[in-house]
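In: Sharing a sequence plus its predicted fold:
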Amino acid sequence: MLQYAIPILASLNEDETIKFYTEKLGFTFHSGWDGYLIFSRDGINVHLWPCTNAEIAKNTGCYVNVTEVDKLYAEYKPLGIIHPVGGDLQEMPWGMKQFSILDNNGNIIHFGENMIGNEED
């Protein structure tokens, strides 16, 4: 029944968020209205809603399942966006190899690859 989910994260600044997601994360910007933004990359969609409270963004995030996590980490690491506390690429006890970034708003995004196999649920 369920097919997929789309995270909706907080955006503190529309122009800066568009720039960050397109220039740093490599997402395509599709549309925006009244500060609500829609992006995609490799079939993954991310939406952001306009927010004026930085504390909300600092407490919001999502997890993105990926393939080739090493390659994605190598792309993002030189950009200075890896989460400063435990965000580096590592193998987790629950079977994922993952890393985390902070976007320009303070949202945390985890990117992880299943180390056990590439089966989809």
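Out: Sure thing, it's come through.
In: From now on I want contacts and neighbour counts done on CA atoms only, so please keep to that.
Out: Noted.
In: quick one: contacts for the residue nearest the centre of the chain?
Out: Nearest to the geometric centre of the chain sits residue 109, at 3.8 Å (C-alpha atoms, centre = their mean). Residue 109 is in contact with 61-64, 100-103, counting by C-alpha atoms under 8 Å, 6 or more residues apart in numbering.
In: Keep only those of those that are in strands.
Out: Per DSSP state E, strands hold the following members of these: 61-64, 100-102.
In: quick check: mean pLDDT across the helix or strand harbouring the residue nearest to the centre of the chain?
Out: Per DSSP states H and E, residue 109 falls inside strand 108-114. For strand 108-114, mean pLDDT rounds to 96.
In: Okay, now the sheet partners of that strand, with direction.
Out: Under the criterion DSSP bridges, strand 108-114 sits next to strand 61-65 (parallel), strand 96-102 (antiparallel) in its sheet.
In: now, which of the contacts of residue 109 sits nearest residue 82?
Out: residue 101 (4.2 Å; C-alpha to C-alpha).
In: since we're on that closest one, how many residues are nearby?
Out: 25 (other C-alpha atoms under 10 Å).
In: Quick check: pLDDT value at it.
Out: At residue 101, pLDDT is 97.
In: how far out from the middle of the chain is the longest helix belonging to the chain?
Out: Counting residues, the longest helix found in the chain (DSSP state H) is helix 69-76. Remark: helix 69-76 is offset 13 Å from the chain centroid, using C-alpha atoms, centre = their mean, to the nearest Å.
In: next one: stretch 92-104
Out: A distance of 10 Å separates the centroid of the chain from that of stretch 92-104, by C-alpha atoms, centre = their mean.
In: which stretches of the protein form strands?
Out: Under DSSP E, the chain gives strands at 8-11, 28-33, 36-41, 44-50, 61-65, 90-91, 96-102, 108-114.
In: Of the ones you listed, which is nearest residue 17?
Out: The nearest among those, by C-alpha to C-alpha, is strand 8-11 at 6.6 Å.
In: got the contact list for the closest one?
Out: By C-alpha under 8 Å, 6+ apart, strand 8-11 touches 17, 46-52, 56-57, 60-61, 105, 107.
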